[in-house]
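S.K.: 3D model of this:
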Amino acid sequence: MELSDQRDTTARNSFEQATAVCLLANDLKVNNTLTQLDLGQKISARGGEALGEALKVNNTLTQVNLAENQISDRGGEALGEALKVNNTLTQVNLAENQISDRGGEALGEALKVNNTLTQLNLAQNYIYASGGEALGEALKVNNTLTQLNLAQNYISARGGEALGEALKVNNTLTELNLWRNRISDRGGAALAEALKINNTLTQLNLRHNEIPDRGGEALGEALKVNNTLTELNLWGNQISGRGGEALGEALKVNNTLIQLNLAWNRISEIGGEALAEALKVNNTLTQLDLRHNEIPDRGVEALGEALKVNNTLTQLNLAENQISDRGGEALGEALKLNNTLTQLNLGHNKISGRGGEALGEALKVNNTLTQLDLGHNKISGRGGEALGEALKVNNTLTELNLWCNQISDSGGAALAEALKVNNILTQLDLGHNQISGRGGEALGEALKVNNTLTELNLWGNQISDRGGAALGEALKVNNTLTQLNLRHNQISGRGVEALGEALKDAEIKFETRSITSLPENIRSKPIIKCNIISINELDKETLLLDGVQNMKRRDVLYAIKHQKPTEQLEHERYLNDIHCCFCEKEDLFAGLHEFKIHLNAGAYLHLDPMKTGKASLDKMKKFLNLFGHPYAVRALSVTINSDDDFIHLICNT
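M.R.: Residues are numbered from 1 along each chain as shown. Presented below is the predicted three-dimensional model:
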């Protein structure tokens, strides 16, 4: 296609989209039943203006989602004018719309008079300081807005200061998201001053805002007197030991904050010790994230001492610090006494066998921890064996991550023995652990009797045919495992056949079992035969297109959650036939759009006559004729055969 043709096509598509939105806007002027509107098809400024005019007279819509469009400032101004007179809208989402200061200022003016809007999302736009100041001025008089999202804009210190001044008098806003806005220490200090007198804000997100110690110290002082804030996110700033100390001092007297996120700062040993002292007396904080903070063993030992007496903290993240066996042992001792912590993340540290043994001993007596992440440490076979012994008696842990820990066959076998008697653990990650055939066989034997594990990750080990065959035999009798990852092992021949037979025999029984993570030489074979279930149950599932050209009619390969469509379409393989059941709901054919399924010319879409009524067929026919997404099926003609209950598509891709 020549460049001029591409431009003509783009212009035509834009015109068609704008025309469609304008027609919809005209309908909204008289419609008196629709309450929610969600449009995300690259609506331009013209479409935004048309919708703005409609919202001036519409009196039923309460929620409008225009995220990920291109309404720009013109559309933002039009919607601002609409909000001045509209008295029904409560939620408006304008995220990712190329709105700059002009649009921000217009919306600010609207908020001064609007008395119904409670939620406004302006994330990922181009609003700078003047737009931030306009919104700040609006918040001084607005008395209905409760949630404002300005994440990933550019309001800078000026905008932060304006919002700080607004929060001193505003008495309705409860959630403010300023993630990645470069407000720096000036903006942070201004917001801190506001928190000293504001009595309504409960959630404040200041993630990635270039706030150094001065801002951290100011926020610490504010938390000493503030009695409403429950969540404070300071992820990815420049707070070091001084700021950590200030926040620690605040937590000694603050009695409302329940979540504090300090991940990716530099609070170091000094800040860690200060926060530990605070945890000894604080009785409200439930979640503390200290990931990637350069906290060494001494700081972790202090936190361990705090956990022995703290009775409120439920989640603690210490991943990516500098914790070795000393810190691991200290935390192990703490877990023997602590009775509230449910989640502990120690991933990406330097804990080896000794620390692993200490944590294993702790799990023998601890009765509250449900999730333990030790991924990317070096607990080795020694630590794996200790954790295996612990799992034989532990009755609370449901998730254990041991990814990349060199536990080898000895650790794998010990954990397998534990799985034979443990009836609590549901997720186990043993990826990249040097487990070979012996460990694979042991795990296979365990899966024959285990009836609780649902997810097992064995990615990147050295499991051979022996282990693959053992796992295949286990899958024939196991009825609880739904996800098994065996990619990047050494399974071929006998192991492939065993796994293939196990999954083939599964039929509908394992319709939600993940198979996309099997070895590549299995993925190319049509070994699963199961029908797609209804579209409302497929919202978070995808179709695997590898190797389906050899599959029989009404058979389909069912795949794992969140597989990227681009990975599925390699080698230009297309489905010839798809068998689906559709329920009575909007956008019945959305699955084919969302998952980018390509149908060959003359393909059949089979429908279950028991679950697909005439109304559904009519809606689908209309949808196929009108839908124009570049990845969707472009139907040139659609006929419905009521006798055979299928739609015959004559289409191109």
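S.K.: specify the local secondary structure of residue 445.
M.R.: Secondary structure for residue 445, judged by DSSP: H, G, I helix; E, B strand; the rest coil, is helix.
S.K.: settle this for me: it is touching residue 416, isn't it.
M.R.: Yes: between residue 445 and residue 416 there is a contact under Cβ atoms under 8 Å: 6.7 Å. All C-beta spots, glycine's among them, are computed from the backbone N, C-alpha and C.
S.K.: and those two? Which one has more around it.
M.R.: Shown here are residue 445 and residue 416; by other Cβ atoms under 10 Å, residue 416 has more neighbours (24 against 19).
S.K.: per-residue confidence at that one?
M.R.: Among the per-residue scores, residue 416 shows a pLDDT of 99.
S.K.: pretty sure it contacts residue 439?
M.R.: Yes: Residue 416 lies in contact with residue 439 (Cβ under 8 Å); the separation is 7.2 Å.
S.K.: separation between the nearest residue to residue 193 once chain neighbours are set aside and residue 189?
M.R.: Nearest residue to residue 193 in three dimensions, chain neighbours excluded: residue 164, at 6.1 Å (Cβ to Cβ, 6 or more residues apart in numbering). As judged by Cβ to Cβ, to the nearest Å, residue 164 and residue 189 stand 8 Å apart.
S.K.: again, but for residue 112
M.R.: Here the distance between residue 112 and residue 189 works out to 26 Å (Cβ to Cβ).
S.K.: ok, those two, which is more surrounded?
M.R.: Counted by other Cβ under 10 Å, residue 112 and residue 189 do not tie: residue 189 has more neighbours, with 24 against 14.
S.K.: which ones are touching the more buried one?
M.R.: Going by Cβ atoms under 8 Å, 6 or more residues apart in numbering, residue 189 touches 214, 215, 218.
S.K.: same question for residue 322.
M.R.: 294, 295, 296, 297, 349, 350 are the contacts of residue 322 under Cβ under 8 Å, 6+ apart.
S.K.: now the contacts of residue 189 in a markdown table, with secondary structure?
M.R.: Formatted as a markdown table, the contacts of residue 189 follow (three-state DSSP):
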| residue | secondary structure |
| --- | --- |
| 214 | helix |
| 215 | helix |
| 218 | helix |
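S.K.: tell me the one of those nearest residue 66?
M.R.: The nearest member of these to residue 66, counting by Cβ to Cβ, is residue 215 at 33.6 Å.
S.K.: how about the closest one: what's its closest non-neighbour residue?
M.R.: Leaving out its chain neighbours, the residue that sits closest to residue 215 by Cβ to Cβ, 6+ apart is residue 188, at 2.9 Å.
S.K.: pretty sure that neighbour sits against residue 211.
M.R.: Yes: the criterion here is Cβ under 8 Å, and residue 188 meets it with residue 211 at 4.2 Å.
S.K.: what's the span of stretch 110-117 from first residue to last?
M.R.: 10 Å (Cα to Cα, to the nearest Å).
S.K.: outside of that stretch, which residues touch it?
M.R.: Stretch 110-117 has contacts (Cβ under 8 Å, 6+ apart) with 79-84, 86-92, 120, 135, 137-139, 141-145.
S.K.: at 7 Å what do you get?
M.R.: 80, 83-84, 87-90, 92, 138, 141-142, 144-145 (Cβ atoms under 7 Å, 6 or more residues apart in numbering).
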